[in-house]
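Engineer: Dropping the sequence and predicted coords here.
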Amino acid sequence: MKDSKVKKTTKIATFIRESNLPNVLTTMRTLLALVLPFILVGESLTMRLLAGFVFFIAAITDYYDGMLARKYNLITLFGKILDPIADKLLTLGAFTTLYMLGMFPLWILIPILFREVAVTVIRFYFLYKGKVVAAVKSGKLKTVLQFMAIVSIYVNLLVKVDFAPMLSMAVANPLSVFFTVVMYILLFAALYQTLYSGFDFLKKNWKLLTGRKWA
């Protein structure tokens, strides 16, 4: 019994190495991130539910590609370049599309966009110089909060557009208010952590970027 489990585990590990599954997952996330906005703006409940499924699958790959790459020592230049691009395409594409659907104000979107683009540009500058910069812990929490905020906005969209019209005003209004409050709590948490992690990233890499210590 143990021998069969060992053989099965060995086959899985061999498949992961030979196919470089982490890069496959990263590529998949990039493609899903590109099509997500077009699905999300669909005018039917079916399209919106499909968009939720696409985002869920893409978010799952964000966890597994990095985990598998580290576990099986499959970290490549391709992965280093494409992984942050895929992440930003997914989160910024979702945030921008949901903003365009009128779900939250522009002043929340702009600082998130600015931080993500700025940090990504700096990362690629370091990569161009042959320096690999590890993600800060605050950045990992930022990603989790951003995903949670996107899910809360998406659920609020479903409630307001698809479910509230089916309910009586006495039920629909409190339900809409509840999900709106939850959405803004998570949005503000994501916004704070996004800005803080950007500051944290700059502070920890300031000497590498400028040649001088942080004042």
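Structural biologist: Yes, it's here. None of these values were measured; they are calculated from a predicted model.
Engineer: helix/strand/coil for N73?
Structural biologist: N73 carries the three-state label coil when classified by DSSP: H, G, I helix; E, B strand; the rest coil.
Engineer: Number of residues surrounding it?
Structural biologist: 7 (other Cβ atoms under 10 Å). For every residue, glycine as well, the C-beta is placed using N, CA and C.
Engineer: For it, what are phi and psi?
Structural biologist: Summarising the backbone geometry of N73 under the convention degrees, to the nearest 10, its torsions are phi 50, psi 50.
Engineer: do you know how far it is from N20?
Structural biologist: Taking Cβ to Cβ, to the nearest Å as the criterion, N73 is separated from N20 by 11 Å.
Engineer: Contacts for stretch 132-139 next, please.
Structural biologist: K80, R123, F126, Q193, Y196, S197, D200, F201, K204, N205, L208 (Cβ atoms under 8 Å, 6 or more residues apart in numbering).
Engineer: List the ones among those residues that fall in helices.
Structural biologist: Judged by DSSP state H, helices contain the following of the contacts of stretch 132-139: K80, R123, F126, Q193, Y196, S197, D200, F201, K204, N205, L208.
Engineer: residues near the closest residue to the fourth one other than its chain neighbours, how many?
Structural biologist: When you say that, I think you mean Q193. Counting by Cβ to Cβ, 6 or more residues apart in numbering, Q193 lies nearest to K142, which is 4.5 Å off, once chain neighbours are set aside. Neighbourhood size, K142 [other Cβ under 10 Å]: 29.
Engineer: Just say helix, strand or coil for K142.
Structural biologist: When states are read from three-state DSSP, the local structure at K142 comes out as helix.
Engineer: Next: R212.
Structural biologist: coil.
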